[in-house]
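Trainee: mind looking at a prediction? Sequence and model below.
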Protein chains: 2
Amino acid sequence: MLMINETHNVKLSSWVTSANTDSDFPIQNLPFAIFKRKGQEEAFRGGVAIGDQVVDLAALAKLDLFSGKAQTALEAANQTTLNALMDLGVETNSALRLALSEALRTDSPLQSAIASTLVAQADIELGMPCQIGDYTDFYTSIYHATAIGKLFRPDNPLLPNYKWIPIGYHGRSSTIGVSGQKFHRPVGQTKAPDASEPSFGPCKRLDYELEMGLFVGKSTEMGDLINIEDAEQHLFGVCIFNDWSARDIQAWEYQPLGPFLAKSFASTISPWIVTMEALAPYRTKFTRPEADPQPLPHLSSEQNNQHGGLDIDLSCFIQTQAMRDNNQQMAQLSKSNFKYSYWTPAQLITHHGSNGCAMRSGDLLGSGTQSGPTYEEAGSLLELSKGGKTPVDLPNGEKRTFLEDGDSIIMRASCSKDGATRIGFGEVVATVLPAKV
Amino acid sequence: MLMINETHNVKLSSWVTSANTDSDFPIQNLPFAIFKRKGQEEAFRGGVAIGDQVVDLAALAKLDLFSGKAQTALEAANQTTLNALMDLGVETNSALRLALSEALRTDSPLQSAIASTLVAQADIELGMPCQIGDYTDFYTSIYHATAIGKLFRPDNPLLPNYKWIPIGYHGRSSTIGVSGQKFHRPVGQTKAPDASEPSFGPCKRLDYELEMGLFVGKSTEMGDLINIEDAEQHLFGVCIFNDWSARDIQAWEYQPLGPFLAKSFASTISPWIVTMEALAPYRTKFTRPEADPQPLPHLSSEQNNQHGGLDIDLSCFIQTQAMRDNNQQMAQLSKSNFKYSYWTPAQLITHHGSNGCAMRSGDLLGSGTQSGPTYEEAGSLLELSKGGKTPVDLPNGEKRTFLEDGDSIIMRASCSKDGATRIGFGEVVATVLPAKV
């Protein structure tokens, strides 16, 4: 597990002055993305955010300012995806982080050289950060699992396996897009409870899911088992993740093999990946209520108990077409925190690899909807509308039970606490277009 | 849908004489694979099987013998995967098939030129035919679904959605390997029915599943819907597929989100992809019992009714360590046929794309276990052993309830009928190694 080091020092400031006040991207963050300059005929490549700028890692690699592992990582970032960089593992990427931190600090002798590699974020287009070979979605919020379980199985909301294994399923990678994604309302087969037969048409219960996305770093080979003590060696970083869901399609299709077309039409990630190292100050204890079963030995370690969780504030907003038309602010739907997760990132990746499943750099693990213990912390409209029964009132007088065409969902995430610098994830936004039929 | 044409003519013979008698790969077949010569430092590239030889498509492309679409396809095959070739679509690939058929026929003026591109199959190593972006597994045998359903839900084996939508789930692509794969027995969390708590250890109920694999050809973009009349424009071809399954892990983990680690440790495909065009003589009617619901309009067409199915004989064998040690023949476990599928390939891909899900060339659709109506046609040990209660007797005196370490499973497939030339798929073999813990 990556520990707090000099790159997290709250006293550090950057000669990129926009990084020093009220930015998601202070020098203590340094998240990665894939970008190109808008409107330019040029290749996508790796970049690191600092304030309102991005360090062009391809340009920086050419300057040959760094050496050793930092330079190795830099060269790996000079590609159209971050997969090669991710696969280098924690130690090499940590060397690049330190080199970038030093180079971007106030009074760095490298200031003028690095300044030549900066591009304003206002001038860039962000791409998919990596090729996602496989995408897995977990179900780590016990509050979400219980709330959803109550809708489908009122007498038995939480199944017996829930507290023993991180429940998850394979998802579809072909339709994962980066923030800015617009997608057509899915069409599908549904069956109303009072109908004798199913019918085919546009989804009527379209929903979002407020999640975190974890990116696999160093790959494992098929047959390799991951020890929980080493699990975070295989984690590169974290993004915000919206796992769009068609609740009516899901209700009809999901038994016995799980969600399929209810999820595969679109999923959206935030473009900046905050590294596990940047999150070191925001680790939390992982504790289970005493009455709950404690994890089996292969999913348990002292380190995981002490620091396994992540304290990341999440918030979710809606911007409807009417809000856009009338120049109204987007409306907050809920807020939550990743620390509510019943399973830690280390447990998720250990469990995933426990059967010998190969984990490849760039693979995405969704956390599952991160609902918290209270109503205000519900991570989906299905929960906020109490199973579609109680519409949510928006401040402009509109109501939402499920999403309507033209709705955008905006999710944000950030970490802050006394004694550490606030870091942010930026945001993920995506918009529902009308169905194609 | 591809119709029977001159490339299927039973009178055709090849100057590659091994193709003319008792071969899986007569001139009427011409399946694709990715290969390299054994022990050579050279790149994998596309090849087409003819008798006991393979046409090296990279070498052939350089000869510039073909023109137009056939040459375009040939150049696309000169890569380490077949994805680019697959993405060209039916018409272009059909042109290559016709050109190869003509060039390989007895008395072809191209014989000596083509002969220079042949490599003996005995001298080659076969690779993964394509990059599988996403893998989906369906559940199309109503006999399998009913048999499995009885084990989990004796009173309610077939769920209400089964006859209305092709049930499927997303699978894991990182552990799909080609024939010859050896994998360690998976380890995982299981809970015995009489245990108060789950435990972690090697799988005790390891099984195979006899399936077909369908490869997506021409890609669709996110948001594109696939019309059933056009569905086979997006299908490249078919392989044999063994979807290894850990039944004890599955029983504990699968609710509510479906199979996960019970499947993701390994899956094995046969290396040769038989094209949809090669299968044209083996199309079958698609009919439902009158008492069953007929497919909704978007999953139905006259063409699908008349020719939607595929008549492919399947067989499954076991070779245990004892059989190898004693030089005994492998033992047949079962035989079945893909025509028993409750859903056609066109229906599977139409359904999959019906929500706007992007289908990418090289994506794999598993058919699900192809059990037939009788006991002898069961496609898994779970069925043959009646839920693990009745061991299967092998001819050498051994018994199997589930698989033991050292067991190899061999699956074969072929098509034959009066008035058409028999074509085969080769085989898929894979072997269970001991668990790593």
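Mentor: Ah, there it is. Just so it is clear, the model here is predicted, and its values are computed rather than measured.
Trainee: longest helix anywhere in chain A?
Mentor: Of all the elements of type helix in chain A, the one with the most residues (DSSP state H) is helix A:90-104.
Trainee: so for it, what gets flagged as buried?
Mentor: Neighbour counts over helix A:90-104 (16 or more other Cβ atoms under 10 Å in any protein chain shown) mark A:90, A:92-104 as buried. Heads up, the C-betas are built off the backbone N, CA and C, glycines and all.
Trainee: helices or strands up against the helix or strand following that helix?
Mentor: Under the assignment DSSP states H and E, the closest C-terminal helix or strand after helix A:90-104 is helix A:111-115. When contacts are defined as 3 or more Cβ pairs under 8 Å, 6 or more residues apart in numbering or on different chains; DSSP states H and E, helix A:111-115 packs onto helix A:90-104.
Trainee: so how far is the first residue of stretch A:297-307 from its last?
Mentor: Stretch A:297-307 stretches 17 Å from its first residue to its last (Cα to Cα, to the nearest Å).
Trainee: can it be said to contact chain B?
Mentor: Yes: legend: contact between stretch A:297-307 and chain B by Cβ under 8 Å from any Cβ of the partner chain is shown at A:Pro297, A:His298.
Trainee: list the contacts of that stretch.
Mentor: Among residues not part of stretch A:297-307, those counted as contacts by Cβ atoms under 8 Å, 6 or more residues apart in numbering or on different chains are A:1, A:228-229, A:283-287, A:294, A:344, A:346-347, A:350-351, A:354, B:200.
Trainee: just the closest of those to B:Glu427, please.
Mentor: Distance from B:Glu427 was checked for each of the contacts of stretch A:297-307 by Cβ to Cβ. The minimum falls on A:Ser354, at 30.9 Å.
Trainee: gap between the closest one and B:Glu197?
Mentor: Counting by Cβ to Cβ, to the nearest Å, the gap between A:Ser354 and B:Glu197 amounts to 17 Å.
Trainee: between the two, which is the more surrounded one?
Mentor: Each of A:Ser354 and B:Glu197 had its neighbours counted (other Cβ atoms under 10 Å in any protein chain shown), and the higher figure belongs to A:Ser354 (24 against 9).
Trainee: the helix or strand that A:Met411 is a member of - contacts with which helices or strands?
Mentor: Using DSSP H and E, A:Met411 sits within strand A:408-415. Where contact means 3+ Cβ pairs under 8 Å, 6+ apart, strand A:408-415 is packed against strand A:235-242, strand A:313-319, strand A:423-433.
Trainee: rewinding a little: from the buried residues of helix A:90-104, which is closest to chain B?
Mentor: A:Val90 (20.6 Å; Cβ to the nearest Cβ).
Trainee: pretty sure the closest one is touching A:Gln233, no?
Mentor: Yes: with contacts defined as Cβ atoms under 8 Å, A:Val90 counts as touching A:Gln233 at a distance of 5.5 Å.
Trainee: what touches both of those two?
Mentor: Common contact partners of A:Val90 and A:Gln233 (Cβ under 8 Å, 6+ apart): A:Gly217, A:Lys218.
Trainee: what is the neighbour count of A:Arg205?
Mentor: If you count neighbours by other Cβ under 10 Å, A:Arg205 ends up with 21.
Trainee: what residues are up against the residue in chain A positioned nearest to chain B?
Mentor: Using Cβ to the nearest Cβ, the single residue of chain A nearest to chain B is A:Gly258, 2.4 Å away. Residues in contact with A:Gly258 (Cβ under 8 Å, 6+ apart) are A:Tyr169, B:Tyr169, B:Tyr254, B:Pro256, B:Leu257, B:Gly258, B:Pro259.
Trainee: please report how far the third one lies from B:Gly168.
Mentor: Taking Cβ to Cβ as the measure, B:Tyr254 and B:Gly168 are separated by 14 Å.
Trainee: those two: which is more packed in?
Mentor: For B:Tyr254 versus B:Gly168, neighbours defined as other Cβ under 10 Å are more numerous around B:Gly168 (26 against 23).
Trainee: all strands of the stretch 101-250 of chain A, in order?
Mentor: Per DSSP state E, counting those that start in this stretch, the stretch 101-250 of chain A has strands spanning A:118-120, A:124-127, A:135-138, A:168-170, A:176-178, A:182-184, A:187-190, A:199-202, A:206-207, A:210-216, A:235-242, A:245-246. These are given in chain order.
Trainee: which one of those lies closest to B:Ile132?
Mentor: Judged by Cβ to Cβ, the one of the strands of the stretch 101-250 of chain A that comes nearest to B:Ile132 is strand A:168-170, at 12.5 Å.
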